[in-house]
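Chemist: would you be able to build a 3D model of this:
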Amino acid sequence: MKHWLCALSLALLLPSASAQEVDYLSFATEDEANSTEIFSRASPAVVFVTNKALRRDLFSLNVHEIPRGSGTGFVWDPSGLIVTNFHVIAGAHRLTVTLQDRSEYDAEVIGVAPEKDLAVLRIQDPPAGLTTLPLGDSSELSVGRKVLAIGNPFGLDTTLTTGVVSALGREIRAPGNRTIRGVIQTDAAINPGNSGGPLLNSMGQLVGVNTAIYSPSGASAGIGFAIPVNTVREVVPQLISYGRIQRPSLGLELASDRWIRRYRIEGLPVVRVFPGLPADRAGIRGAYRNARGEILLGDIITAVDGEAVRSNDDYLSLIEQHEPGDTVTITLRRGDERREVSVKLSDSE
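Modeler: Residues are numbered from 1 along each chain as shown. Below you'll find the predicted structure:
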């Protein structure tokens, strides 16, 4: 209101200019001009993703297709590749992508990474000349830097909100209860429907993918989170090539976190070891049956490279820091004996 009144006062001081002749854009600040320019360049790359599911009518027993949810995405490649959040497309029977010109296309899932809340779609028969977003570097962000979010909150398409980086290095929970680390916190308004949309810096570069809000009411409370673009750079090419994240492997199966909590076990019990893979070659032992048919615990993993592990998420996060061929030190407990073994990681199972 204050800025509007200032502009009105300036207009009244110019008697030779009619209301129609006053160029209000001339009173815009540099920040306003920057926001307008970024929105104009970036919005054609932002898409509306609709998740449709099947539901059976309780009376007629006929099966109908109904909207299950919606969110945002953005064009990753002119060939029709779209990046969005995994939770936007989870459980879909059919997915549609609507471009800025309101043209609608069916989309297929190319790859998903629930542990990072990312997914890649491909629209069928994409039009020529799709707009993409330049990629920034999230490691260069600092608290206070300006950011802009474009999305479709509550189904209102192509909405711009602005704010700053409120904090860096946050952690949030992804579908499947995995921890996403290094997350960007922003006060740019993010509401339901913004999920999967781009977070941009003041140069119009992609610095994050909006993914979650913290709010008791489910609406924006000034605390939004975005997956950093440096994580997106690593994950998306893997989803395009393999359909999932390729992580190094020890070749073993661990007990579930629920089972571990139920029996109050410190560490991660090894359920089974796959023959011929690194854990087997290192002599790690899984659960086994004794002569009376009772199931007994084998090795319990308590640390990876000296870092304590208390959940599957802890274990996977430490393993994912390595590449196939790296050697890790696994600390085990076998009965009352504590031991360490060196294991050379193999390709993903």
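Chemist: from here on, just use CA atoms for contacts and neighbour counts.
Modeler: Noted.
Chemist: so who does Val183 touch?
Modeler: Val183 makes contact with 168-172, 225-228, according to Cα atoms under 8 Å, 6 or more residues apart in numbering.
Chemist: narrow the residues you listed to those that are buried.
Modeler: For those, a burial check counting by 16 or more other Cα atoms under 10 Å picks out 168, 172, 225-228.
Chemist: mind checking which of those land in helices?
Modeler: Applying DSSP state H to the buried ones among the contacts of Val183, no entry is found in helices.
Chemist: pick out whichever of those sits closest to Glu266.
Modeler: Using Cα to Cα, Ile172 comes nearest to Glu266 of the buried ones among the contacts of Val183, at 23.9 Å.
Chemist: so that closest one makes contact with Ile184?
Modeler: No. The criterion here is Cα atoms under 8 Å, and Ile172 misses it with Ile184 at 10.0 Å.
Chemist: let's have the contacts of Val183 in JSON lines, adding distance to Thr329 and pLDDT.
Modeler: Compiled in JSON lines, those are given as follows (distance: Cα to Cα, whole Å; pLDDT from 0 to 100):
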{"residue": "Leu168", "distance to Thr329": "30", "pLDDT": "97"}
{"residue": "Gly169", "distance to Thr329": "27", "pLDDT": "94"}
{"residue": "Arg170", "distance to Thr329": "28", "pLDDT": "95"}
{"residue": "Glu171", "distance to Thr329": "26", "pLDDT": "92"}
{"residue": "Ile172", "distance to Thr329": "28", "pLDDT": "92"}
{"residue": "Phe225", "distance to Thr329": "34", "pLDDT": "94"}
{"residue": "Ala226", "distance to Thr329": "33", "pLDDT": "96"}
{"residue": "Ile227", "distance to Thr329": "30", "pLDDT": "96"}
{"residue": "Pro228", "distance to Thr329": "29", "pLDDT": "97"}
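Chemist: the chain: helices as residue ranges?
Modeler: Ranges of helices within the chain are 2-12, 30-42, 86-89, 229-242, 257-262, 278-281, 312-319, based on DSSP H.
Chemist: contacts for the third one, please.
Modeler: In other words, helix 86-89. 49-51, 69-72, 95, 112-114, 117-119, 175, 195-196.
Chemist: please redo it, this time with the cut-off set to 10 Å
Modeler: 49-52, 68-73, 95-96, 109, 111-121, 174-175, 193-196, 211 (Cα atoms under 10 Å, 6 or more residues apart in numbering).
Chemist: list buried residues within the residues you listed.
Modeler: For those, a neighbour count by 16+ other Cα under 10 Å gives the buried set as 49-52, 68-73, 95-96, 109, 111-121, 174, 193-196, 211.
Chemist: coming back round to it: give me the common contacts of Ile172 and Ile184.
Modeler: Shared contacts of Ile172 and Ile184, defined by Cα under 10 Å, 6+ apart, comprise 225-227.
Chemist: in strands, which of the buried ones among the contacts of Val183 appear?
Modeler: 168, 172, 225-228 (DSSP state E).
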